[in-house]
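Undergrad: Let's see this in three dimensions:
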Amino acid sequence: MFCQHVSALTGTTTRLDGSIDPVKPEDAKRELTDLRGELARIGSANTSEFVSWELRVRSALLRALGERHHILERFGKIRWSSSVGGSLSDEMKWFQRKADHATGMLTAAIAEVGMLADDMPVADESGIDAELWEHVAPEIRTGSWAKV
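TA: Below you'll find the predicted structure:
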């Protein structure tokens, strides 16, 4: 039995086996941009809003760049809370510095998605069986990659 979850935001499909269909670059850039904007409204790592945001960022980076991309790896290494345990003001300053780093990483990820999209060749009929091309061309032209 085939089971899947389709993300309402990006249209990516997560299958029961955990594999993820690729996301369209413009959708990935929009999702990462939205997540970058959300961070400005989160004031602490000790909130449910932050937990949700962090998990959604990890998922978005994974779908957009792949599990071994250096930006995802670096994002996963951010220590959001100081281990020193200083005052509330110190913790807020620590969080803000880490939020600034995450904002820079998301900005880099957005640029990277754009560069990766520019490097990908556009599929056309050259080098493809004519009968096969006739069958898949409409989906390719509309960007319906899951159907291809």
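
Undergrad: Where do the helices of the protein begin and end?
TA: Per DSSP state H, the chain carries helices over the ranges 25-39, 48-65, 70-76, 88-119, 130-142.

Undergrad: Please point out which parts of the longest one sit buried.
TA: Neighbour counts using 16 or more other Cβ atoms under 10 Å place 91, 94, 95, 98, 99, 102, 105, 106, 109, 110, 112, 113 of helix 88-119 among the buried residues. Every C-beta, even on glycine, is put in place using the N, C-alpha and C of the backbone.

Undergrad: Now tabulate the helices of the chain in CSV and tack on distance to residue 82 and mean pLDDT.
TA: Listed next are the helices of the chain as CSV, based on distance: least, Cβ to Cβ, whole Å; pLDDT from 0 to 100:
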stretch, distance to residue 82, mean pLDDT
helix 25-39, 18, 95
helix 48-65, 15, 95
helix 70-76, 18, 96
helix 88-119, 4, 91
helix 130-142, 49, 76
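
Undergrad: what would the buried residues of helix 88-119 look like in TSV with distance to residue 47?
TA: Formatted as TSV, these follow (distance: Cβ to Cβ, whole Å):
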residue	distance to residue 47
91	13
94	15
95	10
98	14
99	13
102	15
105	20
106	19
109	23
110	25
112	28
113	28
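
Undergrad: For the spatially most central residue of the chain, give me its contacts.
TA: Closest to where the C-alpha atoms of the chain average out (Cα atoms, centre = their mean) is residue 60, at 2.2 Å. By Cβ atoms under 8 Å, 6 or more residues apart in numbering, the contact set of residue 60 is 10, 28, 31, 32, 35.

Undergrad: Only whichever of those are buried, select them in ChimeraX.
TA: Of these, the buried ones go into a single ChimeraX selection, burial set by 16+ other Cβ under 10 Å:
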select :10,28,31,32,35
